[in-house]
Each structure stands twice: as C-alpha cells, then as structure tokens.
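have a look at this prediction, sequence included:
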Amino acid sequence: MYRNFRFDIIGSWEKSRLGVLETPHGSIKTPAFIFCGTKASVKGVSPQQLQEAGTQIVLSNTYHLFSYPSSEHIKKRGSLHKFIGWSGPLLTDSGGFQIFSLGHGSIADEIKGKRSSTATLVKINEEGAFFKSYWNGDLQLLTPEKSIEAQQNLGADLIVSFDECTPYHSDKKYTEQSMERSHRWEKRSLDEFMRRNDFSQALYGVVQGGVYGDLRKRSVEFANENPFFATAIGGTLGASKKQMYEVVEMAMEGLNMARPIHLLGIGGISDILKGVELGIDTFDCVHPTRIARHGGALVKSSYRNSKNREHINLKKSEYAEDDNPIEADCDCSTCRYFSRAYLHYLLKANELLALSAITIHNIRFMNKFMDEIRKGILGQNLNDVRNKWC
RNA sequence: GGAGGGGUGGCCGAGCGGUCAAUGGCAGCAGACUGUAAAUCUGCCGACGAGAGUCUACGUAAGUUCAAAUCUUACCCCCUCCA
C-alpha cells in the first residue's frame, strides 16, 4: 500500500531517532520541521527561497484549498506541487484543525478563555463538520471522504486522516466521544484512501484523547491497529508547557515506533527539542513564520535579551540603531545583507520586505536547528544543542 | 481692501453649553501568538499618585453662565474666493 514510501531509522540516542522518510518527491531527513504554507504559499517567501534556506518539506491545508480555489481546480493545473512550484515533498493537513480554530479562535485564546465571536464552524455531527466558508460564506460540509478526495486531488505526498482537534476546555466525556468519532472518521478516511490509492500518497492516522492518559492509550491502540503509514499526535496538548510534555509522553506510550511520528502544531524551539527527546520525528507549526510577520526573529540563546522568549522583537526601538545582523553567525540571506536597524526601519515603515526577510531568517533558523539536532543524535549528545539553541 | 472658513493632546482629526482629560486613526510603550479566518490581536498612552483623587489643558485675553473645547467680544495666526 505504501510501496513508494519508506521510513528508516538510521540512528538513535536514548529515545531520539535519526531517520529518513522517503517519498515520491524526495527524502526527508528526520527529525524535521514542516513549514506551514496553509493557503498554498508560505506567506511572504517563494519556493526558491524556501529551498535556499534548506527547507525539506512544506504543508498546505485541505480546508482552505477546498474552500478556494477547490482541489479540483488545482488538480486541473497538474497537482499542488506543480501549482505552487515546489518539487520537494509536500504534506496536506486534513482540515480537522479548523473544526477547532474556526470554532474557538487561536489555541491561546481558547486556553485563556477568550471567546471568538465570529466563529465560522457551524456544527459538527457524525457525518462531518459544517463550515461557513471563510472565503465566501457558503455553507460547506467537510467529511472524511471529502477531505481524502480533496487531498488526493491536491496530490501531496503525505496526507492526514480527517479528525476533530479537541479543545482544551472539553471535559473528559466530550473528549472521549469526540475521540471515538475521530476514530470512526479516521477509519472512513482510511477506507476512502484505500479505495482510491494510487501509491503516490501515504496516510497518517491521528492520536486523540486530549489530556487524558487512558484516552490517549486507547487512541494509540486504534492508530497502531490500522494500516496507516505514519502517526500524528493531535488534539489539545494542555495549557502549559509542562502539561504539553506530559501529554506528548502519554501519547507516545505504546505507539508503533516503526512508523514516523509527527507532532501536530508544535514549533517552539525548546518544545521541539523536548519532542525529539521523546521520540518525535516531525513537527509543523505556524509559529516561526507567523512571529516573523509580527517582527519576531528567532535567535539562539546567546542573542536573547529575555529568558522566557526565543525571539527578539525587531519592532522595538532598541534595534533602531543596531547595525548587527539578527545573528552574527547566521548564514541566511537576511543576515548576510541586512542589519537589525534596517529590519527595524522596514517594519516601522510598513515595508513588505521586512516580513519576508525575517521569515527567511526564521526558516533558515529552524532548518539549521533541526540539522544540529540530527547531528546531535548522531553524536549521541543533545545537551550541546540544548545549551546553544534553547 | 471685501467675503467666507479655520486654529483641539507628539501628529492627523472628531466634538460645538453639562454625561469631556476630550471619539477615531497614526506614532510611542507593553503583552500575546504553537496541525494560520493572522503583514494579526490585546492593554496602556496630559502631569502627580498604589488608589480614591488632585492639578493643568482645546490659539491668546477678557466676558456670559450654576456649568464653556463648545456662546460673546477683542486680539494674534492660517487658508480659500473676490478686488
């Protein structure tokens, strides 16, 4: 079923794994970070720039492309790869996260109890999720079958079963019912996938169960006993970093470790290292590219001026006359040519270049970070990586 | 010279007798952002004070009024049109 895909673990240190994930569009060295190009574009940067910054794989979102311009439209242009001009590996997310985000807003908002007044998730039932399209307000229904069909039209190498991303504030009863429904949806995803399989794609199962250990355990069993190529850990990971690590650890327990393991939605520097130490192979997150657009440049620990932040905010006036690059030892095109003072000015002057320049730095930063993690696993030591990067 | 319009907090700009220390926007400051409804969102933003509050404020000066950024008069400055 997955004859054009392979996942080989070529090294390990404690629970961390060094691997190679092979896809029809090339292989991915793991641990790896997947950048979010939700609407068929990593905001502000071109595929060439992504590649120059050492990017291995990019993700797009089924919900967004389903709403506009439709997966059929993209299929008619060849494939998502062709449409966006990226020849490397691609992943599409199923749209399951939008059941959460269009109903609750951001993860932080939901955890902090801020209500999103203009939710566009209409309802969710056994069949699927009804949305008011973010694009034109049309009522639309996303089901496991439709998500898989759309993902097959898009043609990404790695695709994800349709699930519900459960909120932090759901009680155990809801989390359990939602998990069971997600399992049924994932089964339907798998059936639809197998029915249409042309060996060009590999399907991820998703582990749900919220913050509840016994539910995570049941979800792990579900994932293991179904013929998914890989496993993603989804749903809420809790309200604090401490809880996040605990939940990830619970969700890893008993998981089939021969499969690649993806941690959905995590992208903090120390969070990633922690995930790697727990055995995670791939991560995806909007954080590096989003904070870039908000003026945040990721920096290694020696460049930081705040203990609880992994980036510096170039909008701050303290950078107005800082003639240094973001990081003196960074080889990205932004650090080679631009000073913090210039980037500060560009942000203040509302110049679009600021956004792409900082995004490029953050992408390069993440890719180098993952590089060093891989080297660390090979060298049987992640402490140096932790000291330097976290 | 004649006719008209206007001068508001760092800037732009509402308000046109009390509920105005004065709507908005920008700038400034602080914070948030983790399977992207996000080049976004939140808070602060005259001075002093932890706060209640006190003081100083809407070109300048004098008035009317219980009460004025808002009304009257004079003056100063700016703009438009006519000569």
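Structure received. Numbers count the residues shown, from 1 in each chain, chains lettered A, B, ... in the order given.

quick check: residues of the stretch 251-390 of chain A near RNA strand B?
Counting by CB under 7 Å from any atom of the strand, the residues of the stretch 251-390 of chain A lying close to RNA strand B are A:264-268, A:271, A:284-287, A:289-291, A:293-296, A:306, A:308-309, A:313, A:315-317, A:348, A:350, A:352, A:355. No exception for glycine: its C-beta is placed from N, CA and C like everyone else's.

just the buried ones from these?
Taking 16 or more other CB atoms under 10 Å as the criterion, what is buried in those is A:264-268, A:271, A:284-287, A:289, A:291, A:293, A:295-296, A:313, A:315, A:355.

just the ones of those in helices?
Using DSSP state H, the members of these that fall in helices are A:Asp271, A:His287, A:Thr289, A:Ile291, A:Arg293, A:Leu355.

can you list these in CSV and add pLDDT and distance to A:Ile124?
Formatted as CSV, these follow (pLDDT from 0 to 100; distance: CB to CB, whole Å):
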residue, pLDDT, distance to A:Ile124
A:Asp271, 98, 28
A:His287, 98, 26
A:Thr289, 98, 28
A:Ile291, 98, 30
A:Arg293, 98, 30
A:Leu355, 97, 34
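
quick check: which ranges of the stretch 101-250 of chain A have low pLDDT?
For the stretch 101-250 of chain A, applying pLDDT under 70 flags the ranges A:115-117.

which residue does it bring closest to RNA strand B?
When scored by CB to the nearest atom of the strand, the stretch 101-250 of chain A has A:Cys165 as its residue closest to RNA strand B, at 2.1 Å.

return the residues in contact with the residue nearest the centre of chain A.
By CA atoms, centre = their mean, chain A has its centre lying nearest to A:Asp284, at 2.0 Å. Residues in contact with A:Asp284, defined by CB atoms under 8 Å, 6 or more residues apart in numbering, are A:Phe33, A:Ile34, A:Phe35, A:Cys36, A:Leu59, A:Leu91, A:Asp93, A:His262, A:Leu264, A:Gly265, A:Ile266, A:Gly267.

look at it and report its pLDDT.
Confidence at A:Asp284, expressed as pLDDT, is 98.

could you give the bridge partners of it?
A:Ile34 (DSSP bridges).

list phi and psi for the residue lying closest to A:Asp331 once chain neighbours are set aside.
Nearest residue to A:Asp331, sequence neighbours excluded (CB to CB, 6 or more residues apart in numbering): A:Arg364, at 7.2 Å. Phi and psi for A:Arg364, reported as degrees, to the nearest 10, are phi -60, psi -40.

returning to that earlier point: and the residue lying closest to the residue of the stretch 101-250 of chain A closest to RNA strand B once chain neighbours are set aside, which helix or strand is it part of?
Excluding the flanking residues, the one nearest A:Cys165 by CB to CB, 6+ apart is A:Phe100, at 3.9 Å. Secondary structure assigned from DSSP states H and E places A:Phe100 in helix A:96-104.

that helix vs RNA strand B: in contact?
Yes: contact between helix A:96-104 and RNA strand B, assessed by CB under 7 Å from any atom of the strand, occurs at A:Gly96, A:Phe97, A:Gln98, A:Phe100, A:Ser101, A:Leu102.

helix or strand right after that helix?
Where DSSP H and E defines the elements, the next helix or strand beyond helix A:96-104 is helix A:107-112.
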